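In: the sequence isn't on hand, but the structure is:
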């Protein structure tokens, strides 16, 4: 279970990414994705995310990364 502060920060980052995807701002969405991944890694390195939760997020990231790889200008 994620702490409220961590969960809120991650949800905000994910929301921004999804919002930009929905509005077809794929370049900004990709940047938001990278920020989301970096934020998650930072929280994990600080011990604010447990291994189990981190593994779930990494699975989600791999799906998103695959989607962004298929995107071309």
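Out: Ah, there it is. Note that the structure is predicted; figures quoted are calculated from it, not measured.
In: ok, and the closest non-adjacent residue to residue 48?
Out: Excluding the flanking residues, the one nearest residue 48 by CB to CB, 6 or more residues apart in numbering is residue 6, at 4.9 Å. In short, each C-beta sits where N, CA and C put it, glycine included.
In: which helix or which strand is home to the one you found?
Out: helix 4-22 (DSSP states H and E).
In: pLDDT on that helix, on average?
Out: Helix 4-22 shows a mean pLDDT of 95.
In: sorry, back to before: so what's the residue nearest to residue 48 up against?
Out: Residues in contact with residue 6 (CB atoms under 8 Å, 6 or more residues apart in numbering) are 43, 48, 49.
In: need the buried ones from these selected in PyMOL.
Out: Here is the PyMOL command that selects the buried residues among the contacts of residue 6 (16 or more other CB atoms under 10 Å):
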select buried, resi 43+49
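In: what's the angle between the helix or strand hosting residue 65 and helix 4-22?
Out: Residue 65 belongs to helix 51-70 when assigned by DSSP H and E. Orientation of helix 51-70 against helix 4-22 (axes from the mean of the first three to the mean of the last three CA atoms, to 10 degrees) gives an angle of 10 degrees.
In: what lies in contact with helix 51-70?
Out: With CB under 8 Å, 6+ apart as the test, helix 51-70 has contacts from 1-2, 10, 17, 26, 29-30, 33, 36-37, 40, 44, 49.
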